[in-house]
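**Q** Sequence and predicted structure, then a few things I'm wondering about:
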Amino acid sequence: MKNLYRYSCGEGKLDFVMLHGWGMNSNAWRYIINRFGSHFRLHLFDLPGYGFSQSEESFTLPEISEMVLKKAPPQAIWLGWSMGGCIASEIALRYPERVLALITVCSSPCFVSQHEWPGISWQVLSCFEQKLEDHLQNTLEQFLLLQTLGTINSQRDTTSLKSFLFSRPLPKKEVLKAGLKILRYTDMRDSLNAISVPFLRIYGKL
């Protein structure tokens with residue numbers, strides 16, 4: 001897509017790409033821009049269909065990865081949150097020469113629970129998909145509540161996330177459904193062993 005939005009800032013020598021998660025936009029990184037900007041050149045993307053990268057179309061994981069890669073620096077450290085972690089991992093697997101290092105935050109190689117594998121129940125994702133039909137904004141708000149569940153400042157954190165999300169155009173229903181399919185069907189448990197670049201996984205508080 002031609003109108004993929006990217007915001008760049010910072011004064012460091014290394015390029016640093018940041019990819020948000022499902023339902024969000026690049027405003028989610030607002031609070032760490034100042035802390036990272038003196039060390040890196042930051043490149044914050046609104047993924048296809050999200051925020052300022054509005055689109056009526058929905059895209060697959062490989063398609064999103066290719067679109068982002070086309071507007072990314074030749075080499076960079078890649079950071080992805082949740083679904084953004086899947087995209088950054090996909091790029092590291094397919095184009096390791098473009099990735100100096102990979103960081104994923106609150107992401108998983110397989111989001112749905114499997115035999116002896118912890119994760120989200122597929123029924124939960126199906127429920128989100130059904131709710132999107134009639135109550136898109138309410139569904140996104142419920143999703144934000146899950147992000148702050150159990151945190152010390154849950155109400156404040158939820159309010160901050162809402163301000164990030166609703167300050168830009170909301171993604172279309174079809175885009176959100178395609179994102180849920182990525183979370184539901186992506187399974188990188190075996191392929192991640194092939195990642196050759198330095199790789200850090202961060203699980204929030206853990």
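**A** Perfect, I can see it now.
**Q** S154 against L144, yeah?
**A** No. Using C-beta atoms under 8 Å, S154 makes no contact with L144, being 10.5 Å away. Any C-beta I mention is one placed from the backbone N, CA and C, and that applies to glycine too.
**Q** So if I had to pick from these two, which one is more boxed in?
**A** The neighbour count for S154 versus L144, taken as other C-beta atoms under 10 Å, is higher for L144 (20 against 13).
**Q** wouldn't the more buried one be in contact with F166 here?
**A** No. Contact criterion C-beta under 8 Å: L144 and F166 do not qualify, at 9.9 Å.
**Q** what residues are up against K181?
**A** Not one residue lies near K181 by C-beta atoms under 8 Å, 6 or more residues apart in numbering.
**Q** so after the strand or helix carrying it, what's the next helix or strand?
**A** If you go by DSSP states H and E, K181 is part of helix 173-185. Counting by DSSP H and E, the element after helix 173-185 in chain order, helix or strand, is strand 199-202.
**Q** that older thread, give the buried residues for the helix holding K181.
**A** Buried residues in helix 173-185, defined by neighbour count with 16 or more other C-beta atoms under 10 Å: V175, L176, A178, G179, L180, I182, L183, R184.
**Q** Dump the C-alpha coordinates for that helix into CSV.
**A** Output of helix 173-185 as CSV, limited to C-alpha atoms (Å, rounded to 0.1, in the frame of the first residue of the first chain):
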residue,chain,number,x,y,z
LYS,A,173,-13.7,-4.3,10.9
GLU,A,174,-12.2,-6.4,8.1
VAL,A,175,-8.6,-5.2,9.1
LEU,A,176,-9.3,-6.2,12.7
LYS,A,177,-10.7,-9.6,11.7
ALA,A,178,-7.6,-10.3,9.5
GLY,A,179,-5.4,-9.4,12.5
LEU,A,180,-7.3,-11.9,14.7
LYS,A,181,-6.7,-14.6,12.1
ILE,A,182,-3.0,-13.8,12.3
LEU,A,183,-3.1,-14.3,16.0
ARG,A,184,-5.2,-17.4,15.8
TYR,A,185,-3.3,-19.3,13.1
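**Q** what about the helices in the protein?
**A** Here the chain has its helices, by DSSP state H, at 30-37, 61-70, 83-94, 122-132, 136-147, 154-166, 173-185.
**Q** quick one: contacts for L161?
**A** M24, A28, L144, Q147, T148.
**Q** Repeat the analysis, applying 10 Å as the threshold.
**A** Shown in contact with L161 (C-beta atoms under 10 Å, 6 or more residues apart in numbering): G23, M24, N27, A28, L140, E141, F143, L144, L145, Q147, T148.
**Q** Flag every buried residue along stretch 155-173.
**A** By neighbour count with 16+ other C-beta under 10 Å, stretch 155-173 contains the buried residues D157, T158, S160, L161, F164, L165, R168, L170, P171, K172.
**Q** from these, which is closest to D46?
**A** R168 (7.2 Å; C-beta to C-beta).
**Q** surely the closest one meets G23?
**A** No. If you go by C-beta atoms under 10 Å, R168 and G23 don't touch, sitting 11.8 Å apart.
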